[in-house]
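> I would like to see how this sequence folds:
(one chain, ligands or ions: 1)
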Amino acid sequence: MIKNNYLYLLALLFIVSCSDNIENTEAVSEQETYKWRLVTAWPKNYPGLGMAPERIAQLVEQMSDGQMQITVFGAGEQVPAFGVFDAVSSGSHQMGHSGGYFWKGKVPAAQFFTGVPFGLTADEINAWTNRGGGLELWREIYEPFNIYPIPAGNTGTQMFGWFNKEINSLDDIKGLKMRIPGIGGEVFKRAGGIPVTLPGGELFTALQTGVIDATEWVGPYNDLTFGFQQAAKYYYYPGWHEPGSMLELLINIDAWNSLPKHLQVIIETASKAVNQDILDEYTARNNTALVELVNVHNVQLRKLPDDVIAEFKVIANDILEENAANDETVNKVYQSYKKFKDGVSAYHKISEDAFVEARND
Ligand code: CA
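Okay, here's the model as predicted:
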């Protein structure tokens with residue numbers, strides 16, 4: 001009798017576990033899959049910048065077990081480099097990857113979310129964005145354009161760029177046509193230069209053919225791949241105009257709202273991982289590339305004179321204050337950014353800055 005009951009229970013358990021398996025299988029096969037397109041402002045598979053969206057796409061596909069697949073397009077493949085914001089805003093593409101300062105004509109406050117002259121470094125802008133109220137402001141200013149932004153990569157401190165003449169005073173800037181985007185470009189203009197904004201992929205030809213006299217791009221790791229060393233002699237630092245440029249993943253808000261919660265969490269988490277990973281890539285590769293530029297290609301490395309940097313800083317602060325006084329949204333973001341910068345610089349002065357000074361002495 002006991003044995004019969006035992007067999008009965010075993011049979012019952014077997015049936016229950018089978019039906020469980022059937023339900024699970026059905027649940028998986030009924031899951032909706034998402035195939036999205038992502039347009040970028042970078043050449044396809046470009047080291048650093050361009051690998052950010054590629055790695056996000058790969059992580060999202062793996063983490064979602066294939067439920068979400070994102071196809072990444074380089075600049076010009078589906079939309080021009082500077083058409084990324086409009087493509088995502090209109091919904092023609094669900095996602096984009098770019099730098100916020102490219103959209104200064106439409107959203108002047110967006111520049112704070114890439115970087116501004118003499119502003120936050122990579123660690124600092126991450127802290128302001130993720131822990132200092134920056135991200136909430138960023139989402140607020142992109143919301144009217146139907147775009148949800150996520151931090152997605154950082155170049156670290158950039159180089160001032162490539163010149164065919166020495167810069168010994170502001171007089172050497174006068175009339176110089178240089179590719180330099182964002183507020184850095186405004187500073188350059190007020191110092192007497194002629195700033196232009198061109199996509200990365202067009203810079204080498206523009207420099208080599210004399211369409212521009214000088215260019216900044218990113219730093220040694222990226223600049224070496226574009227071959228600027230064949231078109232310019234002097235390589236200037238520091239990159240006062242881009243102290244730690246943050247990259248952005250743009251998502252059309254309607255598309256974002258159509259996603260189940262777990263896929264939203266996967267995209268946010270993958271972007272967070274890649275935001276750090278790209279910075280690590282630059283930190284690990286820049287010096288090797290610099291050594292090659294100097295030792296193999298005989299590039300003349302130059303530091304901008306201190307008084308030129310000081311003059312750029314005065315002009316940059318004037319422009320930031322003026323832009324804030326002229327635009328309520330810019331002012332709101334600027335006040336948050338400035339307050340954070342003042343606080344973090346005060347602490348970094350006696351922590352990281354003091355340590356690095358001690359280490360390098
Ligand atoms: Ca740059």
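> where does the nearest residue in space to residue 201 that is not next to it in sequence land in three-state SS?
Spatially, and ignoring its direct neighbours in sequence, residue 201 is nearest to residue 43 (5.0 Å; CB to CB, 6 or more residues apart in numbering). Quick note: C-beta positions are derived from backbone N, CA and C, even for glycine. Recorded secondary structure, residue 43: coil (DSSP: H, G, I helix; E, B strand; the rest coil).
> how many neighbouring residues does residue 205 have?
Close neighbours of residue 205, defined as other CB atoms under 10 Å, add up to 12.
> ok, it - contacts?
residue 211 (CB atoms under 8 Å, 6 or more residues apart in numbering).
> quick one, phi psi at it?
In terms of degrees, to the nearest 10, the main-chain angles of residue 205 are phi -60, psi -40.
> what's the pLDDT at the residue nearest to residue 201?
Per-residue pLDDT puts residue 43 at 95.
> just residue 18 next, same as before
46.
> do residue 31 as well
pLDDT at residue 31 comes out at 84.
> for the closest residue to it other than its chain neighbours, give me its contacts.
Nearest residue to residue 31, sequence neighbours excluded (CB to CB, 6+ apart): residue 67, at 5.8 Å. Contacts for residue 67 (CB under 8 Å, 6+ apart) come out as 31-34, 263.
> near the ion too, which of these?
Among the contacts of residue 67, no residue sits close to the ion (CB under 5 Å from the ion).
> tell me the one among the residues you listed nearest to residue 78.
Of all those, residue 34 has the smallest distance to residue 78: 18.0 Å, by CB to CB.
> pull the number of nearby residues for that closest one.
Residue 34 - counted by other CB under 10 Å - has 17 other residues nearby.
> please list all residues in contact with it.
Taking CB under 8 Å, 6+ apart, one finds 67-69, 259, 263 in contact with residue 34.
> mind running it again at 6 Å?
Residues in contact with residue 34 (CB atoms under 6 Å, 6 or more residues apart in numbering) are residue 68.
> got a pLDDT number for it?
The model's pLDDT for residue 34 equals 98.
> distance of it relative to residue 102?
Residue 34 sits at a distance of 27 Å from residue 102 (criterion: CB to CB, to the nearest Å).
> same check on residue 324?
20 Å.
> and what of residue 175?
Residue 175 is 25 Å from residue 102, by CB to CB.
> more neighbours, those two?
residue 102 (22 against 10).
> need the contact list for that one.
So residue 102 contacts residue 82 (CB under 6 Å, 6+ apart).
> now it: how far from residue 70?
Distance from residue 102 to residue 70, by CB to CB: 21 Å.
> residue numbers of the stretch 201-350 of the chain in contact with the ion?
216, 242.
> again, 8 Å this time
Applying CB under 8 Å from the ion, we find that the stretch 201-350 of the chain lies next to the ion at 216-218, 239, 241-242, 245.
> can you list those residues in CSV and add neighbour count and pLDDT?
As requested, these are arranged in CSV below (neighbours: other CB atoms under 10 Å; pLDDT from 0 to 100):
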residue, neighbour count, pLDDT
216, 26, 97
217, 22, 97
218, 23, 97
239, 23, 98
241, 29, 98
242, 30, 98
245, 27, 98
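> and the residues you listed as JSON lines, adding secondary structure?
Below are these laid out as JSON lines (three-state DSSP):
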{"residue": "216", "secondary structure": "coil"}
{"residue": "217", "secondary structure": "coil"}
{"residue": "218", "secondary structure": "coil"}
{"residue": "239", "secondary structure": "coil"}
{"residue": "241", "secondary structure": "coil"}
{"residue": "242", "secondary structure": "coil"}
{"residue": "245", "secondary structure": "coil"}
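> what is the nearest of these to residue 85?
residue 245 (16.4 Å).
> shouldn't that closest one be in contact with residue 112?
No - applying CB atoms under 6 Å as the test, residue 245 and residue 112 come out as separate, 11.4 Å apart.
> thinking again about what came up before, mind checking which of the contacts of residue 67 land in strands?
residue 34 (DSSP state E).
> residues in contact with stretch 76-94?
Here stretch 76-94 has contacts from 36-37, 39, 41, 75, 96, 98, 102-103, 145-147, 199, 250, 252, 255, using CB under 6 Å, 6+ apart.
> now the buried members of the residues you listed.
When the contacts of stretch 76-94 are checked for burial by 16 or more other CB atoms under 10 Å, the buried set is 36, 39, 41, 75, 96, 98, 102-103, 145-147, 199, 250, 252, 255.
> ranges for the helices of the stretch 101-250 of the chain?
122-131, 134-142, 182-190, 203-208, 220-226 (DSSP state H, counting those that start in this stretch).
> need the residues of the stretch 201-350 of the chain next to the ion in TSV with distance to residue 154, can you?
As requested, those are exported to TSV (distance: CB to CB, whole Å):
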residue	distance to residue 154
216	16
217	15
218	11
239	13
241	15
242	10
245	7
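> out of those residues, which one sits closest to residue 132?
residue 245 (17.5 Å).
> who's in contact with the closest one?
114-115, 155.
> from the residues you listed, which is closest to residue 329?
residue 114 (16.0 Å).
> residues contacting the closest one?
99-101, 245-246.
> cutoff 8 Å now
Counting by CB under 8 Å, 6+ apart, residue 114 has contacts 99-101, 182, 242, 245-248.
> do the same with residue 213
Applying CB under 8 Å, 6+ apart, the residues near residue 213 are 163-164, 176-178.
> skipping its backbone neighbours, what lies nearest whichever residue of the stretch 51-200 of the chain sits closest to the ion in space?
Of all residues in the stretch 51-200 of the chain, residue 158 sits closest to the ion, at 4.9 Å by CB to the ion. Once flanking residues are discounted, residue 158 sits nearest to residue 239: 3.4 Å by CB to CB, 6+ apart.
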